[in-house]
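> The sequence isn't on hand, but the structure is:
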């Protein structure tokens with residue numbers, strides 16, 4: 001327990017920044033009109049592509065006995081891939097609404 005409290009006190013500024021980023025992200029995304037949803041989704045897919053590459057690099061640089069880094073890297077790759085694929089599916093469905101029907 002003492003180690004956790006020490007880590008929190010050492011990284012207090014970083015924790016505040018992350019909490020502020022969460023609130024800022026919720027406010028920004030909550031005020032986006034639905035017309036801009038598709039371009040933002042495409043941008044988010046590109047960002048998650050970078051997350052996948054970063055997770056693969058972390059897994060490649062991790063020591064063979066470091067199961068925490070390997071497990072977190074694998075989880076990041078799986079979740080990032082699901083997010084990218086799901087985002088492209090949603091974007092594709094939204095763009096189909098604007099096509100002329102036969």
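Structure's in. What do you need? Please read all numbers here as calculations on a predicted model, not as lab measurements.
> Got phi/psi on the residue nearest to the spatial centre of the chain?
By CA atoms, centre = their mean, the chain has its centre lying nearest to residue 48, at 5.4 Å. When read as degrees, to the nearest 10, the backbone of residue 48 gives phi -70, psi -30.
> Same question for residue 99.
The phi/psi pair for residue 99 (degrees, to the nearest 10) is phi -80, psi 150.
> mind showing which ranges of this protein have poor pLDDT?
Low-confidence segments of the chain, defined by pLDDT under 70: 37-38.
> ok, residue 12 to residue 44 distance?
Between residue 12 and residue 44 the computed distance is 29 Å (CB to CB, to the nearest Å). In this view, the C-beta of every residue, glycine as well, is placed from N, C-alpha and C.
> More neighbours: which of these two?
Using other CB atoms under 10 Å, the more surrounded residue of residue 12 and residue 44 is residue 44, with 15 against 10.
> what's the spacing between the more buried one and residue 32?
Taking CB to CB, one finds residue 44 at 11 Å from residue 32.
> what about the helices in the chain?
2-10, 12-30, 37-61, 67-96 (DSSP state H).
> do you know which of those helices lies nearest residue 102?
Relative to residue 102, the nearest member of these by CB to CB is helix 67-96, separated by 12.5 Å.
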